[in-house]
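Student: pasting the structure only:
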């Protein structure tokens, strides 16, 4: 229940603007003609879109304590993503509804109304904010920019939000007639701007990052490599299955920050991670990263934890998604759990893609309640949850490519597995 409170709270906080607006709007004029309906509808759309927009900045801050109320950073990002799309839609609806006031008397003004060509500067600020948001959303949703370029462009969101704040407060909306709405909008404005400044300007200066040095780079195959890192000074602590955001400082690499699960922590404080070549940055990493490079670690994050599951568990891993299960296996090797029965289904296309098989085989011998199953697509085909005995009574943990997850989730539900018993992390927002 706790892990869903964040979603309910943020959506509730955004939609609270509607009853606050209803306190002061003159409903009697709606009965007379359609024009007031367009005006009031545009106000509700604008204020709700503004509220959603403000809260997306708060959700982007990566405050660790928020994870407990969402169930993980991926869940926070999904709410952020959905709220952002809803905010853009409502903000677009706002001027469109106002523009339709001119039909049929003056249809020529319909299109021009959407552009910053108004006589009032405060209205033009709203138009600039609208078109800025549209441009950034096109870059986000339709054009696959390199991550480092997209991240820079995304920082401009705050500038357009500030234009939106100015648009609201410089217009004569008679907010003083409704103190509750005025206070609400002021709080959202301050929260949104403060969150944007924190994440876009001062985040890297105030967040403590552990400094590590790359000790060894082992390329396990033509796509996957394992990186061993040693701390320069401070040790780190994490829950098995959690991840850090890593920034590698090395010639030939952009200083991007990407999340990688900590697979193991060695007695001397060294840690290992796995990286698979999936895009421009990871391809650069696979080709150019060498021992001696510096790494900055921010975290840990994540709530993907086998210890929150029941006694009988099924682990389903595919591709580089095997990383958290490697982390769990290493943890169980050090502290075997007699009260956990876990079946790992390691899904690969061919056996040569599988890594760390010996680790899982060693754990099988050491821990009676653990069993590994290697599912090779070219031999056994794709995984069939229906063949797992008693799966309805087990906790399911999934980590793998989006296609694997999309295939497994409906099959699990068809077998009667409840959504509360299915755990996974999803950082794919396409």
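Tutor: That came in fine, so what should we check first? These numbers were taken from a predicted model, which means no experiment stands behind them.

Student: helix or strand for the residue nearest the centre of the chain, which one?
Tutor: The centroid of the chain falls nearest to residue 77 when counting by C-alpha atoms, centre = their mean (2.5 Å). Here residue 77, judged by DSSP states H and E, is contained in helix 73-99.

Student: buried residues in that helix, which are they?
Tutor: The neighbour-count check on helix 73-99 (16 or more other C-beta atoms under 10 Å) flags 73-80, 83-84, 86-88, 90-95, 97-99 as buried. Just so you know, the C-beta spots here come from the backbone N, C-alpha and C atoms, and that holds for glycine as well.

Student: also stretch 10-28?
Tutor: 10-11, 13-14, 16-17, 20-21.

Student: what about it, average pLDDT?
Tutor: Confidence over stretch 10-28 (mean pLDDT, whole number) is 83.

Student: which residues touch residue 161?
Tutor: Contacts for residue 161 (C-beta atoms under 8 Å, 6 or more residues apart in numbering) come out as 53-54, 57, 129, 192-193, 196.

Student: how close does it sit to residue 194?
Tutor: Going from residue 161 to residue 194 by C-beta to C-beta, to the nearest Å gives 11 Å.

Student: overlap in contacts, the two.
Tutor: With C-beta under 8 Å, 6+ apart as the test, residue 161 and residue 194 reach no residue in common.

Student: state the distance from the closest residue to residue 377 other than its chain neighbours to residue 75.
Tutor: Distances taken as C-beta to C-beta, 6 or more residues apart in numbering place residue 349 nearest to residue 377, at 4.8 Å, with adjacent residues excluded. Residue 349 sits at a distance of 29 Å from residue 75 (criterion: C-beta to C-beta).

Student: next: residue 393.
Tutor: Residue 393 is 25 Å from residue 75, where distance means C-beta to C-beta.

Student: returning to what we had before: the helix holding residue 77: how far from the chain's middle?
Tutor: Centroid separation between helix 73-99 and its chain, computed with C-alpha atoms, centre = their mean, to the nearest Å, is 15 Å.

Student: what do you get for stretch 410-421?
Tutor: In this view, stretch 410-421 has its centroid 23 Å away from the chain centroid, taken as C-alpha atoms, centre = their mean.

Student: hmm, back to that, measure how buried the residue nearest to residue 377 is and give me the count.
Tutor: Residue 349 has 12 neighbours, counted by other C-beta atoms under 10 Å.

Student: likewise the one 10 residues further on?
Tutor: Here the count is done by other C-beta under 10 Å, and residue 359 has 17 residues near it.

Student: domain map for the chain?
Tutor: Listed by automatic domain parsing, the domain ranges of the chain are 2-206, 210-301, 306-424.

Student: excluding chain neighbours, what is closest to residue 132?
Tutor: Sequence neighbours aside, residue 160 is the residue nearest to residue 132 in space, at 3.9 Å (criterion: C-beta to C-beta, 6+ apart).

Student: what average pLDDT does whichever strand or helix holds the one you found get?
Tutor: Using DSSP H and E, the element containing residue 160 is helix 157-170. Average pLDDT, helix 157-170: 87.

Student: give me the angle between it and helix 73-99.
Tutor: Per axes from the mean of the first three to the mean of the last three C-alpha atoms, to 10 degrees, the angle that helix 157-170 makes with helix 73-99 is 40 degrees.

Student: where along the stretch 251-400 of the chain do the helices fall?
Tutor: Assigned by DSSP state H, counting those that start in this stretch, the stretch 251-400 of the chain shows helices spanning 280-288, 323-334, 357-366.

Student: show me where the stretch 1-150 of the chain has its helices.
Tutor: Going by DSSP H, counting those that start in this stretch, the stretch 1-150 of the chain shows helices at 2-15, 17-22, 35-59, 67-70, 73-99, 108-112, 121-141, 147-154.

Student: now render those as TSV, adding distance to residue 210.
Tutor: Listed next are these as TSV, based on distance: least, C-beta to C-beta, whole Å:
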stretch	distance to residue 210
helix 2-15	27
helix 17-22	41
helix 35-59	25
helix 67-70	19
helix 73-99	18
helix 108-112	54
helix 121-141	30
helix 147-154	21
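
Student: and the ones you listed, which one averages the lowest pLDDT?
Tutor: Taking the average pLDDT of each of the helices of the stretch 1-150 of the chain, the minimum falls on helix 108-112, with a mean of 67.

Student: follow-up on the earlier one: closest to residue 361 out of the contacts of residue 161?
Tutor: Ranked by distance to residue 361 (C-beta to C-beta), these are led by residue 57 at 47.6 Å.

Student: what sits against the closest one?
Tutor: Residue 57 touches 157-158, 161, 191-193, 195-196, 199, counting by C-beta under 8 Å, 6+ apart.

Student: are any of those residues buried, and which?
Tutor: Among these, those classed as buried by 16+ other C-beta under 10 Å are 157-158, 161, 192-193, 195-196, 199.
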